[in-house]
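Undergrad: for reference, the sequence and a predicted model appear below.
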Amino acid sequence: MTAIEEVRACHAAVWHALGTVRDPELDEPLTDLGFVARCEVDGGRAAVELRLPTYFCAPNFAFLMVADAYDAVSAVPGVRSVEVRLVDHFAAEAINRGVAARAGFVASFAGEAVNELDELRATFVRKAVLAGTDRVCRALMKSGVDGDRLARMTLGEVPASQDRERLRARRRELGLPCGDGDPLLVDPETGEAVPPSDAARHLGFARLTRAGQEANSGVCRDMLRVRYPHIGEQEGAR
C-alpha cells in the first residue's frame, strides 16, 4: 500500500469511527446528521471538527458527542494523535478543553455541573429502545400481527432486519435481555417482559417516543441547514 493509500484508508476508518458516534437524543450517527464539519487525517494525526444546529445546544449533549467522537477516533488503528473540536457553540472552549484533558463533565464545568453524564446517556438509550421497539412492531403490525401476539414473541421470531439488530444493540448497551430467546417487548428500565395485558399501553408509549425523536431529528436537520447552508455542497465534495 502506498503512502497515499494508507492515508485514504486511515481517513475512511476515522470516518467510519465517527459514524458509530450518535447524537444521544436523536439516536442517529453524527455523520448522517451533518454534525461533522471537518475530518482530516495526516501522518497518524486526526483532526475533527463538530458543529451543531444552534449556538445554544445543551452543553451536556454536546459534551457527550465530543467525548464519544474523541474516544472513537482514538481507537482507530494508525491514529497516533487526536484533536476533536466543537465549533460555533457557546460552551465550546470548556468542552474542547475538558475532552482533550479527559477531565469529565463535572471537572470541565467546575462549579456548574454536579453529576457526570452516565444517567443522562442511559435515559436516552432507554428512549432509543422504545423508539426501536416501535420501528420493529409497526412493521409486524402492518403484516397482521396483533398486540397480544407481539407480547408473546421473542426477538428471534422477528424477521431479520436492520431495525431488529439496531433494537438488539440498544438493549445490549443497557444490559437488557437481547438474545433470540428473549421477549420482544421489555420494560426499558428493568428488562422484564411486558405482559400481554400491558402491551397496548407499552406500544403506545413506544410510538409516542419514536414520534418525538423523529420530530426532533427533523427540526435539528432543518436548523443545521439554515445555519450552514453549504452543507449539501460539502457532503457532495467529501
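TA: Structure received. In this text the structure is predicted, and so the values were computed from the model without any measurement. Residues are numbered from 1 along each chain as shown.

Undergrad: low-confidence regions, the chain specifically.
TA: Within the chain, the segments meeting pLDDT under 70 span 232-238.

Undergrad: if we use 50, what do you get?
TA: Within the chain, not a single segment meets pLDDT under 50.

Undergrad: please, where are all the helices along it?
TA: 3-18, 30-33, 59-74, 92-100, 104-108, 118-142, 147-152, 162-173, 199-227, 231-237 (DSSP state H).

Undergrad: list the contacts of the fifth one.
TA: By C-beta atoms under 8 Å, 6 or more residues apart in numbering, the residues outside helix 104-108 that reach it are 60, 63, 94-95, 97-99, 101, 113-117. Backbone N, C-alpha and C define where each C-beta goes, glycine included.

Undergrad: swap in the shortest one?
TA: Under the criterion C-beta under 8 Å, 6+ apart, residues 15, 18-19, 21-23, 26, 36, 50, 65, 69, 217, 220-221, 224 lie in contact with helix 30-33.

Undergrad: can you tell me which of these are buried?
TA: 15, 18, 21-23, 26, 36, 50, 65, 69, 217, 220-221, 224 (16 or more other C-beta atoms under 10 Å).

Undergrad: check the gap between the residue of the chain most remote from its centre and Val79 for me.
TA: The centre of the chain is farthest from one residue, Thr2, which by C-alpha atoms, centre = their mean lies 34.3 Å away. In this view, Thr2 and Val79 are 19 Å apart by C-beta to C-beta, to the nearest Å.

Undergrad: Ala103 now?
TA: 21 Å.

Undergrad: related to what we said a few turns ago, TSV please, covering the buried ones among the contacts of helix 30-33 and showing distance to Val186.
TA: Formatted as TSV, those follow (distance: C-beta to C-beta, whole Å):
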residue	distance to Val186
Trp15	34
Leu18	30
Val21	26
Arg22	21
Asp23	24
Leu26	22
Val36	33
Leu50	33
Met65	27
Ala69	30
Ser217	24
Cys220	28
Arg221	30
Leu224	34
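
Undergrad: among these, which one sits closest to Phe90?
TA: Leu50 (14.3 Å; C-beta to C-beta).

Undergrad: was I right about the closest one contacting Gly34?
TA: No - counting by C-beta atoms under 8 Å, Leu50 does not reach Gly34; the two are 10.4 Å apart.

Undergrad: taking the centroid of this protein, which residue is nearest it?
TA: Geometric middle of the chain (C-alpha atoms, centre = their mean) lands on Arg22, at 2.2 Å.

Undergrad: enumerate every residue touching it.
TA: Glu28, Pro29, Leu30, Asp68.

Undergrad: most neighbours among these, please name it.
TA: Each of those was scored for neighbours by other C-beta atoms under 10 Å, and Leu30 scores highest at 24 neighbours.

Undergrad: do you know how far that one is from Tyr70?
TA: 12 Å.
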